[in-house]
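Q: Please work out how this folds:
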Amino acid sequence: MNIKTPDYHSIEEFQNRSKKLKEIRDLGIDPYPHKFEPSHMAKEIFEKYSKKDLGHFDDAAAGETPLVKFAGRLVLFRAMGKNAFAQVQDESGKIQILINRELTKVDGYDVEKSKEKQSHIKFIEKKLDLGDIIGIEGNLFHTQKGELTIFAKKVTILCKSLLPLPDKHSGIADLGVKYRKRWLDLITNPKVIDTFTKRSRIIKLIRNYLDEANFLEVETPVLQNIYGGAEAKPFQTHINALHQDMYLRISLEIPLKKLLVGGFNRVYEMSKVFRNEGLDKTHNPEFTELEAYASYWDYNDLMKFTEKLYETIALKVNNSTKVEFGSHTIDVKAPWKRLTM
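A: Next up, the predicted model:
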């Protein structure tokens, strides 16, 4: 089978970085090691040390300040004579790194094996690029301007990146690229990471709320020989072993109600459903749906249960029942107004 060479292989930046990758390997350094154990994330370092009197440059150089191990993506680098300053970003935030000509060493790098006899700081400047993932071991200090900084004693290459990051100022302008290449959007836009994190927490809170109300979480078949529970066009597929056409489910409703018939009192499922219809900013062919059913409840019970769910999540995620949505502020505090239909 002939596999087409990706178009980006012809980009000069990719070729330059690939050359650096080979040079790093030729020096006996593994640019993709299997393991590195950070002691802290950026947010944890700031929460624990930002207000403490840590000392200054000389204290960190002498190893008299707290030692941390940190890993993340190199997003900024400035060489300034004997020192260089960098910004390294993990999923919780960014932190400044100081690289020193005398004291900072690159793990596995031997100056004598280098053709150019580059110093460790020069190796970092010439062989690393923005987008590379590195590990830092060093001592914390505050700069003269008060910025919390890691004085790097050891730098470990964890992942050599072969493609450049999007422009740091304009980010990703093309919405299509932003949605297709989420990883780039996550790197350049911290708000997207916050959205992902909040979504994960909200899903966990929904499950906790339902579990505490004695609902049983279940999994029902994604493939169905008869689709139903909603008005929607399904995706169709075929099971070769049974010579049978099947459909991806468009709703969770019918299998859950069958479980009620079977004797369960309260059940729920939160999973993917699929509808082969329109696609726009608020509609996706594949999306997550929550359905919950309780025996012996009427619609009043369900309304109270639902509004309390919203209130509980808002308080735990935002510390307030008020939620910003576009230009609107919505208060989800229970009880809600009732409108007759």
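
Q: Might you report the residue contacts of the residue nearest to Glu253 when sequence neighbours are not counted?
A: Take Glu253 and drop its neighbours on the chain: the residue closest to it by Cβ to Cβ, 6 or more residues apart in numbering is Gly229, 3.4 Å away. Any C-beta I mention is one placed from the backbone N, CA and C, and that applies to glycine too. Under the criterion of Cβ atoms under 8 Å, 6 or more residues apart in numbering, the contact list for Gly229 reads 249-254.

Q: and if you look at Ala42?
A: So Ala42 contacts 70, 72, 88-90, 92-95 (Cβ under 8 Å, 6+ apart).

Q: if I look at it, how far off is Lys204?
A: The gap separating Ala42 from Lys204 is 23 Å, by Cβ to Cβ, to the nearest Å.

Q: May I have the predicted confidence score for the closest residue to Ile157 other than its chain neighbours?
A: Spatial nearest neighbour of Ile157, excluding adjacent residues (Cβ to Cβ, 6+ apart): Pro31 at 5.1 Å. Looking at Pro31, its pLDDT reads 97.

Q: Also Ser320?
A: pLDDT, Ser320: 96.

Q: in stretch 302-322, what's buried?
A: 305, 309-314, 321 (16 or more other Cβ atoms under 10 Å).

Q: right, I mislabeled it, should have said stretch 270-284
A: Here stretch 270-284 shows 270, 273-275 as buried, counting by 16+ other Cβ under 10 Å.

Q: repeat for stretch 74-87
A: Residues 74-75, 77, 83-87 are the ones in stretch 74-87 that count as buried (16+ other Cβ under 10 Å).

Q: any chance of those in JSON lines, plus distance to Ile330, secondary structure and pLDDT?
A: Formatted as JSON lines, these follow (distance: Cβ to Cβ, whole Å; DSSP: H, G, I helix; E, B strand; the rest coil; pLDDT from 0 to 100):
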{"residue": "Leu74", "distance to Ile330": "40", "secondary structure": "strand", "pLDDT": "97"}
{"residue": "Val75", "distance to Ile330": "35", "secondary structure": "strand", "pLDDT": "94"}
{"residue": "Phe77", "distance to Ile330": "43", "secondary structure": "strand", "pLDDT": "96"}
{"residue": "Asn83", "distance to Ile330": "50", "secondary structure": "strand", "pLDDT": "95"}
{"residue": "Ala84", "distance to Ile330": "48", "secondary structure": "strand", "pLDDT": "96"}
{"residue": "Phe85", "distance to Ile330": "43", "secondary structure": "strand", "pLDDT": "97"}
{"residue": "Ala86", "distance to Ile330": "42", "secondary structure": "strand", "pLDDT": "97"}
{"residue": "Gln87", "distance to Ile330": "36", "secondary structure": "strand", "pLDDT": "97"}
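
Q: All the helices of the stretch 151-300 of the chain, in order from the start?
A: 175-180, 182-188, 190-212, 253-262, 299-318 (DSSP state H, counting those that start in this stretch).

Q: Could you say which one of those comes nearest to Asn284?
A: helix 175-180 (9.8 Å; Cβ to Cβ).

Q: Which elements pack onto that closest one?
A: helix 182-188 (3 or more Cβ pairs under 8 Å, 6 or more residues apart in numbering; DSSP states H and E).

Q: I'd like to know which elements the helix it packs on is packed against.
A: Counting by 3+ Cβ pairs under 8 Å, 6+ apart, helix 182-188 packs on helix 175-180, helix 190-212.

Q: repeat that with 10 Å
A: For helix 182-188, the packing partners by 3 or more Cβ pairs under 10 Å, 6 or more residues apart in numbering; DSSP states H and E come out as strand 67-80, helix 175-180, helix 190-212.
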